[in-house]
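**Student:** here is a sequence together with a model predicted from it:
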Amino acid sequence: MKNHYLILVVICSANFLLAQNQIFTIYHDKVALQKDVENLIELFSNDLKKIEPTISFDIKSRVNTTPYLIYYDGKTEVNLPFWGEVIPEQKEFFNQISGSQEKGKEIFGLFFNGFYIPHELGHALEHAKEGHVENGYKSEYFANVVAILWWRKQGKEKELKKCYDYTREILKKLPNPTPEGQTMEQYFTENYHAATQDPAVYGVLQFSQFIKIYEDKTLPDFDRFILNYMNQMTKPKK
Ligand SMILES: [Zn+2]
């Protein structure tokens, strides 16, 4: 009985941490952004360590706005963008693909101050397990699976659905660069570096993966997925 009580307290305090922050929206305060992301990283790390207690996973975050927006540095840090410091050209891109300034901000908040945080932790997990991150279509797919499953585990269905609705809307506006006769995976695997240089092309890669994973009914829950991943020699096939 005592144990059950303890578990309940742990679950409630984890939910409390998530309920208190404004993740998935843009921040006007860098300190608050950093603090909320640190909390998320702690939640994520605790979830991982419950599944794989021996894993070495000690990741920090830093608010540092660059044109790359959000990324894992390949070592110990997730780099975070702050909307107030995003360059005008990139703000304009978000405004254009969304259709208005208001929506542009909303999309930035949803993805860069929300969805992509555990995505970057997915890359950090790949690094922790494999010793390196293999940049490419497959690594992005893996990170997107980790992110969607982890947010589901946190009960963030509503926020994921918002991301899903926007990705579908945006994809209608972005031309698909895949030539006839090739699958998107083949194309992006062969042209990954070039794709990363163009936000409209890279957006197609990311958002197509999001939709595919979101709609994939065969995926297990986060714990099962991580357990399978940790127990296999190579990355899971998509
Ligand atoms: Zn990524």
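**Tutor:** Arrived safely. Numbering: from 1, shown residues only.

**Student:** just for this structure, where's the confidence low?
**Tutor:** The model of the chain has pLDDT under 70 over residues 1-20, 233-238.

**Student:** tell me the residues of this structure that contact the ion?
**Tutor:** Glu140, Ala143 (C-beta under 5 Å from the ion). Where you see a C-beta, it was placed from the backbone N, CA and C, and this is true even at glycine.

**Student:** if we go to 8 Å?
**Tutor:** Selection of the chain residues close to the ion by C-beta under 8 Å from the ion yields Tyr71, Tyr72, Tyr116, His119, Glu120, Gly122, His123, Ser139, Glu140, Ala143, Asn144, Gln206.

**Student:** and stretch 209-224, what's buried?
**Tutor:** Residues Gln209, Phe210, Ile213, Tyr214, Leu219, Phe222 are the ones in stretch 209-224 that count as buried (16 or more other C-beta atoms under 10 Å).

**Student:** also stretch 168-178?
**Tutor:** Ile170, Leu171, Leu174, Pro177, Thr178.

**Student:** can you pull out the strands in the protein?
**Tutor:** Taking DSSP state E as the criterion, the chain carries its strands at 60-63, 71-72, 77-80.

**Student:** need the ones you listed in TSV (columns: mean neighbour count and distance to Phe111).
**Tutor:** Below are the strands of the chain laid out as TSV (neighbours: other C-beta atoms under 10 Å; distance: least, C-beta to C-beta, whole Å):
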stretch	mean neighbour count	distance to Phe111
strand 60-63	16	16
strand 71-72	20	13
strand 77-80	20	12
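
**Student:** dump these to JSON lines, plus distance to Asn231.
**Tutor:** Converted to JSON lines, the strands of the chain look like this (distance: least, C-beta to C-beta, whole Å):
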{"stretch": "strand 60-63", "distance to Asn231": "28"}
{"stretch": "strand 71-72", "distance to Asn231": "23"}
{"stretch": "strand 77-80", "distance to Asn231": "26"}
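
**Student:** ok, back up a step: any chance of the residues of the chain next to the ion in CSV, plus distance to Ile26?
**Tutor:** Shown next, in CSV, are the residues of the chain next to the ion (distance: C-beta to C-beta, whole Å):
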residue, distance to Ile26
Tyr71, 18
Tyr72, 21
Tyr116, 13
His119, 18
Glu120, 18
Gly122, 23
His123, 23
Ser139, 27
Glu140, 23
Ala143, 22
Asn144, 21
Gln206, 19
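
**Student:** any idea which of the residues you listed is closest to Gln34?
**Tutor:** Glu120 (14.3 Å; C-beta to C-beta).

**Student:** which residues touch that closest one?
**Tutor:** For Glu120, the contact set (C-beta atoms under 8 Å, 6 or more residues apart in numbering) comprises Ile70, Tyr71, Tyr72, Val78, Ala143.

**Student:** brilliant, that's me finished.
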